[in-house]
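Q: need the 3D shape of this:
(chains A, B, C and D)
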There are 2 protein chains.
Amino acid sequence: MNTIYKTIRISGGRLTKTRKAIVDVLSNNQCLLSKQKLVEKLKVKKIKPDRSTIYRELRFLTKDNIIIKNTIAGVDYYEIPQDHHHHLVCLNCNSISKVKIGSHLEKQEKQIAKQNKFNIINHSLEFYGYCHKCQAKLIKEKL
Amino acid sequence: MNTIYKTIRISGGRLTKTRKAIVDVLSNNQCLLSKQKLVEKLKVKKIKPDRSTIYRELRFLTKDNIIIKNTIAGVDYYEIPQDHHHHLVCLNCNSISKVKIGSHLEKQEKQIAKQNKFNIINHSLEFYGYCHKCQAKLIKEKL
DNA sequence: CTTTTAATTCTTAAAATTTATCAAGTATAA
DNA sequence: TTATACTTGATAAATTTTAAGAATTAAAAG
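A: Numbering: from 1, shown residues only, chains lettered A, B, ... in the order given. Predicted coordinates:
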């Protein structure tokens, strides 16, 4: 059985059609998904849960970190916990892409933890700017 | 005249009692303020704007980056743009404190920009974990 | 200083988002 | 297969955010 499915069972949840579909969609997705996009992808799978079900499910799945919520530029995004990464956020088209970073940040994290007597569990790092496509677009518009 | 006041005038805004108070409260605050905390601090100053005014003001002030919005753990926080810094977020008491970090991140940022042909404008970095006080508390509770 | 102009505020209402409740349905364990 | 308890959909309620218009007020003009 799927690892995530197991986690759901362990945390006391049942493997319903809707719940499995949400997890599957997020698993098969490259990066972050907004609630809206998630619902669209479920619709393609012929699954159209009620609004309240979506809210309940996202609350349930985020509760024990089966999925992770991340708010970027005022919008909530969801993803399956993956190998650690960060995000590039385009301020023009709002696209979000994954990016990995060298290990130096981890060293700094340990240093900060020590200096501030803070027990750091994890971190989030987002870079805001303009993606390659939008840079070209925006320059054209200025002409 | 206050630098921020000037910026407001330049961007076409007027210096009303409420607007000045909001900017003043944020200026005199150590770090981030939630909408709720902001309203509390205004009340102390005998300023009690209507809900809609608060929303309008925060929209107005964030529009041209006179103040900056940052969503952490699902809550919107506001602050005056300051010398660049990051945040330590306590997962237990939800306190947020400022922290500065070495310059290595800037180098990595340039590298990432080049690799991804991404024009990076800025970034946000939050460390999540448990503050010193809460660590002690949580250990006691376990006994 | 007074008048004029237009931004801003308050009030009220509407729209949008999120949560709660409960009967009916369904996954799971026995 | 049956009993149990979780889950869903439907409805309504609560919360948050935005909109519209009249009254107020900051700022510019006279």
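Q: list the buried residues of stretch A:95-113.
A: A:96-97, A:101, A:105, A:108-109, A:112-113 (16 or more other CB atoms under 10 Å in any protein chain shown). Placement of C-beta: from N, CA and C, glycine included.
Q: between the two ends of it, how far is it?
A: 32 Å (CA to CA, to the nearest Å).
Q: hmm, back to that, out of the buried residues of stretch A:95-113, which are inside strands?
A: Residues of the buried residues of stretch A:95-113 located in strands (DSSP state E): A:96-97.
Q: among the buried residues of stretch A:95-113, which two are most distant?
A: A:Ser97 and A:Ala113 (28.6 Å; CB to CB).
Q: any weak-confidence spans in chain A?
A: A:143 (pLDDT under 70).
Q: make it 80
A: A:1, A:142-143 (pLDDT under 80).
Q: pretty sure A:Leu15 contacts A:Ile4?
A: No: A:Leu15 is beyond contact range of A:Ile4, at 10.0 Å (criterion: CB atoms under 8 Å).
Q: when those two are compared, which one has more neighbours?
A: Neighbours per residue, other CB atoms under 10 Å in any protein chain shown: of A:Leu15 and A:Ile4, the larger number sits with A:Ile4, 18 against 13.
Q: now do the contacts for the more buried one.
A: A:23, A:27, A:66, A:80 (CB atoms under 8 Å, 6 or more residues apart in numbering or on different chains).
Q: please, which helix or strand holds the nearest residue to A:Lys17 once chain neighbours are set aside?
A: Nearest non-adjacent residue to A:Lys17, counting by CB to CB, 6 or more residues apart in numbering or on different chains: A:Ile47, 6.8 Å away. For A:Ile47, there is no enclosing helix or strand under DSSP states H and E.
Q: which bits of chain A sit near DNA strand C?
A: A:9, A:14-17, A:35, A:51-52, A:55, A:59, A:76 (CB under 7 Å from any atom of the strand).
Q: distance from stretch A:93-101 to the middle of the chain?
A: Its chain's C-alpha centre and that of stretch A:93-101 lie 11 Å apart, by CA atoms, centre = their mean, to the nearest Å.
Q: ends of that stretch, what's the gap?
A: Using CA to CA, one end of stretch A:93-101 lies 23 Å from the other.
Q: show me the helices in chain A, by range?
A: A:3-10, A:17-27, A:35-44, A:51-63, A:104-116, A:132-142 (DSSP state H).
Q: looking at these, which is closest to B:Glu126?
A: With CB to CB as the yardstick, what comes closest out of those is helix A:104-116 (11.5 Å).
Q: A:Arg19: neighbouring residues, count only.
A: A:Arg19: 20 neighbours (other CB under 10 Å).
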